[in-house]
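J.: no FASTA, just this:
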């Protein structure tokens with residue numbers, strides 16, 4: 001067997017061992033856990049309060065878009081910090097590239113603002 005295949009075989013053995021360990025611990029915990037269901041334990045609640053109405057309700061798409069915008073600008077910060085640390089190594093080319101990146105994000109932010117997505121109602 002070649003070294004290439006042996007390295008994949010060792011990864012396969014480690015993955016199998018990890019799955020066996022996870023499955024074993026989950027199975028063992030299922031066997032030794034106490035199981036005493038009561039009405040109170042099986043009652044549905046939300047944040048410690050009894051639910052009002054049905055569990056099916058519609059939410060506005062605006063909240064999801066707001067969350068996606070937050071994630072987008074959070075990812076922007078992840079890209080900006082390493083770039084700022086290595087700015088001297090990148091030189092003018094890196095500065096122009098990051099400027100283009102920030103301008104594209106600002107255009108998206110301006111578009112969302114004009115569409116009224118950032119209004120929290």
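T.: Structure received. In this text, all values refer to a predicted model and were calculated from it rather than measured experimentally. Residues are numbered from 1 along each chain as shown.
J.: drop to CA atoms for contacts and neighbour counts, all remaining ones
T.: Noted.
J.: which regions of this protein sit below the pLDDT cut-off?
T.: Scanning the chain for pLDDT under 70 picks out the ranges 55, 121.
J.: any idea how far residue 11 is from residue 23?
T.: Counting by Cα to Cα, to the nearest Å, the gap from residue 23 to residue 11 is 18 Å.
J.: what does residue 27 give?
T.: From residue 27 over to residue 11 (counting by Cα to Cα), the distance is 24 Å.
J.: How many residues are close by residue 103?
T.: By the criterion of other Cα atoms under 10 Å, residue 103 has 12 neighbours.
J.: what's the answer for residue 112, then?
T.: 16.
J.: For it, which non-adjacent residue is spatially closest?
T.: residue 118 (6.7 Å; Cα to Cα, 6 or more residues apart in numbering).
J.: Please report phi then psi for that neighbour.
T.: Note on residue 118: backbone dihedrals following degrees, to the nearest 10 are phi -80, psi 0.
J.: Tell me if I'm right that it and residue 66 touch.
T.: Yes. At 6.6 Å, residue 118 and residue 66 qualify as touching, with contact defined as Cα atoms under 8 Å.
J.: What are the neighbouring residues in contact with residue 16?
T.: Residue 16 makes no contacts at all, as judged by Cα atoms under 8 Å, 6 or more residues apart in numbering.
J.: And it, how far from residue 56?
T.: Distance from residue 16 to residue 56, by Cα to Cα: 40 Å.
J.: ok, residue 14 - how many residues close by?
T.: So residue 14, with other Cα under 10 Å, has 12 neighbours.
J.: Show me how far stretch 90-105 is from its chain's centre.
T.: Stretch 90-105 has its average C-alpha position 26 Å from the chain's average C-alpha position, going by Cα atoms, centre = their mean, to the nearest Å.
J.: ditto for stretch 2-14
T.: Worked out by Cα atoms, centre = their mean, stretch 2-14 lies 31 Å from the chain centre.
J.: and if you look at stretch 109-121?
T.: 23 Å.
J.: Mind listing what's buried along that stretch?
T.: For stretch 109-121, the neighbour count (16 or more other Cα atoms under 10 Å) marks 109, 112, 117-118 as buried.
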